[in-house]
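Asks: quick one: sequence plus predicted model below, questions after.
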Amino acid sequence: MSNKGFNFEHTYAELPNIFYADQKPAVVPSSQMVVFNSRLSEDLGLDTDILKNTPEIFTGSTLAMSAKPIAQAYAGYQFGHFAMLGDGRALLLGEHITPQGDKFDIALKGSGLTPYSRGGDGYAALLPMLREYIISEAMYYLGVPTTRSLAVTLTGNDVVREKLLQGAVLTRVASSHIRVGTFNFASAFGCGSDLKTLADYCISRHFPWIDKYENKYLLLLREVAMRQAVLIAKWQLLGFVHGVMNTDNMAISGETIDYGPCAFMDYYDENTVFSSIDTFGRYAYKNQPTIGAWNLSRLAEALLPLFCNDEDRAIELANEEITNYWLNYKEHWINGMRARLGLVSSEPDDRTLASELLEIMSANELDYTSTFRQIALGTENSEYLNDMPGFSEWQEKWQSRLSRQPYSMQHAKEMMRKNNPSVIPRNHKVEEALAAAEYGDYTFMHNFLLALRAPYEDSEAYSLPPGPLARRYKTFCGT
């Protein structure tokens, strides 16, 4: 065992033992660091210089001092169907306390079999783990609440998928790994006291200010719903498609978690689906806000016994919170869209103005990110847009709307530049990074990560849309 700066607590392991199983990581043939997040390490107060040269810590072959690895149990509604799940290839090492007193889960993903592996091998392949590293870092710098990646490490094992792949472990950092699916599990398989214990723990860890209220469990639902409204609004504003919004992939903390078959839209199409397994488009771009409400309804169902003894009244209270979710989502979406269009004040027709622009994008198959960026930079950078049917008329409406604000056009342009990214993890660039990494060349990936740290700075090398083949882009689950 070695400390290396980790300062672990294990409060989750103080829950009833139905919520987890003790499990050590698999010992692997070798450990080789592929990418290490020095900035994140320093923010966590870790010994960065030593850790980035100690890859065995991040494959689990050597446990950090005071680490007590456990696999968490949870259930989930996967594509609408209930299933018993759990950490089939992940282990929570502990809750690291930073020098500032903040608490973060440190978990290994791809560290071997657990009691919840359900016939899987418990391992992860290199490229899906690098994909999660790249996109989670991009999301962080775009201002989206997200889990983060501390390291990706080769294990020396081969992983069997459609072909033999290089095995790897990703070290994930999260406010916690408590999911809606954790409450689904407690409701289905625990006793009443287990559900209450989990809810009290979640309140203590994430929302301690509501503990003093008599209706704290209803407030728990409200806090979770509010964070999901903010999160999904940010996804929609950026054109991000999660791809697998099962309840086990919705974190109570409001962070994006489990970057499996996710991707960013190129040309705007609200029906966009990237995941190869989402045959019927359940988790299509346009459906994400609705699925957020559906998942929250499953959380509300689990929590119903804690709201009040009158079931009908408990259902009524829960429905009010789902309604509030929709109100919050719509408010955050339109406020975010106003920022993208340089609007500070509020007018009733702002939603129509934004929707008309999206309709023009859809009808003309325009690139979502580039179109907003070009409008932000000024008409001299978007001359081709004037040839698009309906754009000139829309632009007149938009400029008229801008003229009614108590701010200059220059102020609006500066606001737009800060809210319309130039660099996102475009799918063809992610694939270019992974294609090189498969053969041990990480140069492009590292340069790409540097560009993703400054998403609002112009970078022609990483911001150009892809060619026509983008329409055929598909993503796959790492398992």
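Replies: That came through, no problem.
Asks: domain ranges for this protein?
Replies: 8-177, 343-417 (automatic domain parsing).
Asks: quick check: mean pLDDT across the helix or strand where Met361 lies?
Replies: Remark: Met361 resides in helix 350-364, with elements defined by DSSP states H and E. Across helix 350-364, the average pLDDT comes to 97.
Asks: okay, buried residues for it please.
Replies: Within helix 350-364, the residues that count as buried by 16 or more other CB atoms under 10 Å are 350, 353-354, 356-357, 360-361, 364. For glycine as for every other residue, the C-beta is placed from the backbone atoms N, C-alpha and C.
Asks: look at Ala21 and give its secondary structure.
Replies: Counting by DSSP: H, G, I helix; E, B strand; the rest coil, the backbone at Ala21 sits in strand.
Asks: look at it and say how many residues are nearby.
Replies: Residues contacting Ala21 under the criterion other CB atoms under 10 Å number 17.
Asks: is it true that it touches Leu113?
Replies: No: the pair Ala21 / Leu113 is not scored as a contact, 11.1 Å apart, by CB atoms under 8 Å.
Asks: buried sites along the host helix or strand of Asn295?
Replies: Applying DSSP H and E as the criterion places Asn295 in helix 288-307. Of all the residues in helix 288-307, those buried under the rule 16+ other CB under 10 Å are 288-289, 291-300, 302-304, 306-307.
Asks: ok, now stretch 324-338?
Replies: 325, 328-329, 332-334, 336-338.
Asks: please list the residues outside it that contact it.
Replies: Residues from elsewhere that reach stretch 324-338 (CB atoms under 8 Å, 6 or more residues apart in numbering): 222, 225-226, 228-230, 232-234, 236-237, 289, 292-293, 296, 344, 346, 350-351, 354, 419.
Asks: please apply the same query to stretch 425-436.
Replies: With CB under 8 Å, 6+ apart, stretch 425-436 has contacts from 127, 130-131, 134-135, 138, 263-264, 266, 274, 369, 442-445, 448, 452, 462-463, 465-467, 470, 473.
Asks: what's the longest helix in this protein?
Replies: helix 311-340 (DSSP state H).
Asks: tell me the mean pLDDT for that helix?
Replies: Helix 311-340 shows a mean pLDDT of 98.
Asks: count of neighbours near Val160?
Replies: Val160, neighbours per other CB under 10 Å, totals 12.
Asks: Tyr141 too?
Replies: 17.
Asks: who touches it in this structure?
Replies: 452-455.
Asks: leaving out sequence neighbours, find the closest residue to it.
Replies: Arg453 (5.2 Å; CB to CB, 6 or more residues apart in numbering).
Asks: returning to what we had before: show me what the helix holding Asn295 packs onto, helices and strands only.
Replies: In terms of contacts (3 or more CB pairs under 8 Å, 6 or more residues apart in numbering; DSSP states H and E), helix 288-307 is packed against helix 180-189, helix 192-206, helix 216-238, helix 311-340.
Asks: and the last one, how far out from the chain's middle?
Replies: Per CA atoms, centre = their mean, to the nearest Å, the displacement of helix 311-340 from the mean C-alpha position of its chain is 20 Å.
Asks: could you check the angle that helix makes with helix 350-364?
Replies: Computed by axes from the mean of the first three to the mean of the last three CA atoms, to 10 degrees, the angle separating helix 311-340 from helix 350-364 equals 70 degrees.
Asks: do the same with the shortest one
Replies: Here helix 180-189 runs at 100 degrees with respect to helix 350-364, directions being taken by the same axes, to 10 degrees.
Asks: give me the residues contacting helix 180-189.
Replies: 18-19, 72-77, 82, 84-86, 194-195, 198-199, 224, 246-250, 252, 295-296, 298-299, 301-303.
Asks: which parts of the stretch 51-200 of the chain are helices?
Replies: 56-59, 126-141, 180-189, 192-206 (DSSP state H, counting those that start in this stretch).
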